[in-house]
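Peer 1: Show me the folded form of this:
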Amino acid sequence: MTYFRLLGFLNSRETLVTVGTIAASIAFVMELTLLPLLLSEIQRDLVLNVGELAWVFNAYAIAVAIAVLSSGLVGDIVDRQKLFAVGVVLFVSGSVLSAFSSSLLDLILSRMLQGFGGGLFSPLVPILLTQASAARSGKILMIWGGLVGVAAALLPAFGNVILTAFGWRAMFVVFALVATAGLTCLIGANSTLKSEGKRRPNYGALLSHPRYWRLLVYIFLTYGCFTFYLFHCSIGWPKNGFSSQMVSIFLTCVWVSFALLNFVLRDRIDGKGLGVCLFLAPILIAASYGLAVTNKADVVMQITAAVLAGAALACSNSPTTHLLLRLAPQDLRAFSSSLDIIFARCGSVAMVALLSPFQGPTVALAILGFSIGALWCFKGVGSQPKPSG
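Peer 2: So this is what the prediction gives:
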């Protein structure tokens, strides 16, 4: 908490809200990052075939998708802090139950509970953060992005240590402990944020604005292109002769670049820097993919491409969330945050499904085209609108 106090714009109660919200968010990221390490151990321990193991993975993803949309709709009607707390409790409960599951059915049901909880609270993370630091909302979102990037870079090594020493069940306990720590901070903050009364959101008024839709399409395109870069290169690196150790180094470069740039930009995102970031993101992702596919066996070029990809995500991830929340009125912020996640994930699925059958110049041209499309969307969005009422 000392780090946040040193930033100079948070008091002790705001610090508790910030730390608690980010801790719960990191628990959500931990599950996403570390589950692939656990699957083979789960399969061996519970004697599952590949189809059954797929259900262990997909049950969580399906529950998250349902809960994200539910959170977006309900979060603008009920008290968001209470809904966030309910989501964290469900996530913790599902994590603990997963750790003690003794059969496939037990694990699937536990994972669904865990996923539903994560899907409930994850869209509310940026809302609670910006409420706790309304004067510097962009700054706190960039700090959040930076800390998530640090976690993503360090977690694989941490996960391997826990998995080797204690087994896959212990990792679910760790998920629960981190989320519980976040919830404890939020409870300790108590009345930091004002309780919110019931509202009647006007969805039509928000969705009728072309500017809002342009930003959603921008999110769809930029996040989709970034995800396809990870997907394509993760498959291509081993084929091009890189060892698993080098692959992990490339991925670490992505997340370290993402984290560092978030911290560097934290004081600029509330001003003109926001527009610069949104303009640069599509250019960086196109350059990253271009370097990766034209220098397939060059270590230096692959590292450079990884750094550019991380920078592209830093310039688009938290900045687009910041702008999306500023475009939305207060009574539609949960709905907007939900759409942010939905369009990002749909972009990922669409890009992988659309481009994975192709290779080489065709894919490079497609990425370039989508990047140009994102720049066109940026032109219609602008950089720093006045806060909505």
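Peer 1: check contacts around Trp55.
Peer 2: Leu104, Ile108 (Cβ atoms under 8 Å, 6 or more residues apart in numbering). In this view, the C-beta of every residue, glycine as well, is placed from N, C-alpha and C.
Peer 1: Kindly report the same for the one 4 residues further on.
Peer 2: Each residue near Ala59 by Cβ under 8 Å, 6+ apart is listed here: Ile108, Leu109, Arg111, Met112, Gly115.
Peer 1: Phi and psi next, for Gly75.
Peer 2: Gly75 has phi and psi values of phi -60, psi -20 when expressed as degrees, to the nearest 10.
Peer 1: gap between the residue lying closest to it once chain neighbours are set aside and Ala328?
Peer 2: Spatial nearest neighbour of Gly75, excluding adjacent residues (Cβ to Cβ, 6 or more residues apart in numbering): Ala334 at 2.8 Å. According to Cβ to Cβ, to the nearest Å, Ala334 stands 9 Å off from Ala328.
Peer 1: Find the helix or strand that Leu183 is a member of.
Peer 2: Assigned by DSSP states H and E, Leu183 falls within helix 168-189.
Peer 1: what does Gln81 give?
Peer 2: helix 80-99.
Peer 1: buried stuff in that helix?
Peer 2: 80-81, 83-99 (16 or more other Cβ atoms under 10 Å).
Peer 1: now for it, which elements pack on it?
Peer 2: In this structure, helix 80-99 makes packing contacts with helix 12-46, helix 50-74, helix 104-121, helix 125-132, helix 168-189, judged by 3 or more Cβ pairs under 8 Å, 6 or more residues apart in numbering; DSSP states H and E.
Peer 1: need the contact list for the closest residue to Leu186 other than its chain neighbours.
Peer 2: Excluding its sequence neighbours, the residue lying closest to Leu186 (Cβ to Cβ, 6+ apart) is Gly20, at 3.9 Å. Listed by Cβ under 8 Å, 6+ apart, the contact partners of Gly20 are Ala181, Gly182, Leu183, Thr184, Cys185, Leu186, Gly188, Ala189.
Peer 1: Leu120 against Ala67, yeah?
Peer 2: Yes - here Leu120 reaches Ala67: they are 4.7 Å apart, a contact under Cβ atoms under 8 Å.
Peer 1: What mean pLDDT does stretch 154-171 get?
Peer 2: The average pLDDT within stretch 154-171 is 85.
Peer 1: My error: substitute stretch 285-298 in the last question.
Peer 2: Mean predicted confidence for stretch 285-298 is 89.
Peer 1: What of stretch 219-234?
Peer 2: 86.
Peer 1: And it, how far out from the chain middle?
Peer 2: 13 Å (Cα atoms, centre = their mean, to the nearest Å).
Peer 1: was I right about Leu90 contacting Phe116?
Peer 2: Yes - Leu90 lies in contact with Phe116 (Cβ under 8 Å); the separation is 5.9 Å.
Peer 1: Of Ala334 and Ala328, which one has the most company?
Peer 2: Ala334 (27 against 24; other Cβ atoms under 10 Å).
Peer 1: quick one: low-confidence ranges for the chain?
Peer 2: Filtered on pLDDT under 70, the chain yields the residue ranges 1-11, 36, 134-135, 189-203, 205, 244, 380-389.
Peer 1: can you count the residues close to Pro123?
Peer 2: That count, for Pro123 with other Cβ under 10 Å as the rule, works out to 29.
Peer 1: follow-up on the earlier one: anything in contact with each of Leu120 and Ala67?
Peer 2: Common neighbours of Leu120 and Ala67 (Cβ under 8 Å, 6+ apart) are Gly87.
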